[in-house]
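Trainee: No sequence on hand, only this structure:
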């Protein structure tokens, strides 16, 4: 493992990633169902593959059998195409006017979230069809996003008739799939909001029925995000969209006691380990402050290690005086405010720490594991926030 610069890096275990995908595929295709067509998986690789590196992650998942990929925007999809990814790519948050040609050029499947977008896409597809030789015409595919109650993106159930009328005027387009997104699929009664997911499901299926009554084939139907995959088999439909669970972590379920049940139901392997070396050691006397504003003051003779990573690398600033780091197989507390480039750790109770020692902010260190979801719970955020926060200046090393 060689790199030039500061000794901070992320290790991405592609074998663990592939194992997680295979576990998900087995889970949503139980043998007792005996489906004629196995459920597909649309692997979410937006946000630079949740911080893991979108292109290497997508290529590993494609090799492991992912059927589709989900990205946020056309630029993320183009990056995957340029890396050699061949499988279909769904642009989840649709497109901005003027991007239509890019979608066609790179064979990216857009999500339609407003009826008027059909006209823009139709014009681009018609221009493209006019350039083809006679007999080679084909319809350009898209997916329709339904807003079933999250009130974010997607057409409302009341707009289905309008959508069908507009689609009838688009001979160069083909509806290839329909989907919605759950706002709280990890929340169950008696927790507040525990009934929202079933209500969203009812709205979605009602809209889908209306679409079929009007003579439109919806194509591939998909609803289930990470939490719904693990906990709500009634939402699996034709395809599922694993996100954070691909990278080894379940969402935070509510009530909290469900987390252990879901983790045992669908075991996963953490994929990323964020590491940095000790670049400084200081002995601090009682009463001595550490870092900005001296928000940590030693109450005993203390040994403080300076680590070569800070919030500019993805170490969440709110971990100051709250988080812990694995050092020589032991948990050592982060002390003081996390700086942009360094983090201080109290290693007084960790024998033998020396310059150059490797420390782990989250991930696996030998037989020890500091999971990213535990770190996230400590500071009241979600695991994806930590994973996506690993910055571009942190080198990724891919283990196979």
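Mentor: Here it is on my side, so go on. Not measured: the values here are computed from a predicted model. Numbers count the residues shown, from 1 in each chain.
Trainee: okay, CA-based contacts and neighbour counts for the rest of this
Mentor: Will do.
Trainee: Low-confidence regions, the stretch 251-400 of the chain specifically.
Mentor: Within the stretch 251-400 of the chain, no stretch has pLDDT under 70.
Trainee: Without its sequence neighbours, what residue ends up closest to residue 320?
Mentor: residue 337 (4.7 Å; CA to CA, 6 or more residues apart in numbering).
Trainee: Repeat that for residue 83.
Mentor: In space, residue 83 is closest to residue 55, 6.1 Å off (CA to CA, 6+ apart).
Trainee: For the one you found, give me its contacts.
Mentor: Taking CA atoms under 8 Å, 6 or more residues apart in numbering, we find residue 55 in contact with 48-49, 79-80, 83, 85.
Trainee: now, which of these lie within helices?
Mentor: 48-49, 79-80 (DSSP state H).
Trainee: before we move on, back to that, could I get the contacts of residue 55 as TSV with distance to residue 285?
Mentor: As requested, these are exported to TSV (distance: CA to CA, whole Å):
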residue	distance to residue 285
48	43
49	44
79	52
80	53
83	53
85	56
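Trainee: Can you say which of these are buried?
Mentor: Among the contacts of residue 55, those scoring as buried are 48-49, 80, 85 (criterion: 16 or more other CA atoms under 10 Å).
Trainee: Can you add pLDDT and distance to residue 365 and give these back as TSV?
Mentor: Output for these, formatted as TSV (pLDDT from 0 to 100; distance: CA to CA, whole Å):
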residue	pLDDT	distance to residue 365
48	97	24
49	98	22
80	98	31
85	98	32
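Trainee: tell me the domain boundaries of the chain?
Mentor: Per automatic domain parsing, the structural domains of the chain span 14-265, 272-399.
Trainee: and residue 8, which of these is closest to it?
Mentor: domain 272-399 (4.2 Å; CA to CA).
Trainee: Helices of the stretch 1-150 of the chain, start to end?
Mentor: Taking DSSP state H, counting those that start in this stretch, the helices of the stretch 1-150 of the chain run over residues 14-27, 46-50, 54-64, 74-82, 100-105, 117-131.
Trainee: With the stretch 201-350 of the chain instead?
Mentor: 226-231, 258-265.
Trainee: Centre of the chain to the last one, how far?
Mentor: Put plainly, it is helix 258-265. 19 Å (CA atoms, centre = their mean, to the nearest Å).
Trainee: Kindly calculate the angle that it makes with helix 14-27.
Mentor: 90 degrees (axes from the mean of the first three to the mean of the last three CA atoms, to 10 degrees).
Trainee: Include distance to residue 213 when you put the helices of the stretch 1-150 of the chain into TSV, please.
Mentor: Below are these laid out as TSV (distance: least, CA to CA, whole Å):
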stretch	distance to residue 213
helix 14-27	32
helix 46-50	34
helix 54-64	36
helix 74-82	33
helix 100-105	30
helix 117-131	21
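Trainee: among those helices, which is the most enclosed?
Mentor: Comparing those by mean neighbour count (mean count of other CA atoms under 10 Å), helix 46-50 comes out on top with a mean of 22.
Trainee: where's it relative to the chain centroid, distance-wise?
Mentor: 6 Å.
Trainee: Then stretch 305-323?
Mentor: For stretch 305-323, the distance to the chain centre is 22 Å (CA atoms, centre = their mean).
Trainee: And for stretch 6-15?
Mentor: Using CA atoms, centre = their mean, the offset of stretch 6-15 from its chain centre is 18 Å.
Trainee: again, but for stretch 346-353
Mentor: 35 Å.
Trainee: For that stretch, which outside residues touch it?
Mentor: Contacts for stretch 346-353 (CA under 8 Å, 6+ apart): 302-305, 327-328, 330, 332-335.
Trainee: Tell me what angle the longest strand anywhere in the chain forms with helix 14-27.
Mentor: For the chain, the strand with the greatest residue count under DSSP state E is strand 272-284. Per the same axes, to 10 degrees, the angle that strand 272-284 makes with helix 14-27 is 130 degrees.
Trainee: got the contact list for residue 145?
Mentor: Contacts of residue 145 (CA under 8 Å, 6+ apart): 111-113, 153-155, 178-180.
Trainee: For the residues you listed, which two are the farthest from each other?
Mentor: The widest separation within those (CA to CA) is 13.1 Å, between 153 and 178.
Trainee: Mind listing the shared neighbours of those two?
Mentor: By CA under 8 Å, 6+ apart, the residues touching both residue 153 and residue 178 are 145-146.
Trainee: Which residue is the nearest non-sequential neighbour of residue 314?
Mentor: residue 390 is the one closest to residue 314 (CA to CA, 6+ apart), at 4.1 Å.
Trainee: what about the one you found, neighbour count?
Mentor: 25 (other CA atoms under 10 Å).
Trainee: Can you classify it by secondary structure?
Mentor: Of the three states, residue 390 takes coil according to DSSP: H, G, I helix; E, B strand; the rest coil.
Trainee: Could you give the backbone dihedrals for it?
Mentor: phi -70, psi 120 (degrees, to the nearest 10).
Trainee: Report how many residues lie close to residue 36.
Mentor: Residue 36 has 6 nearby residues by other CA under 10 Å.
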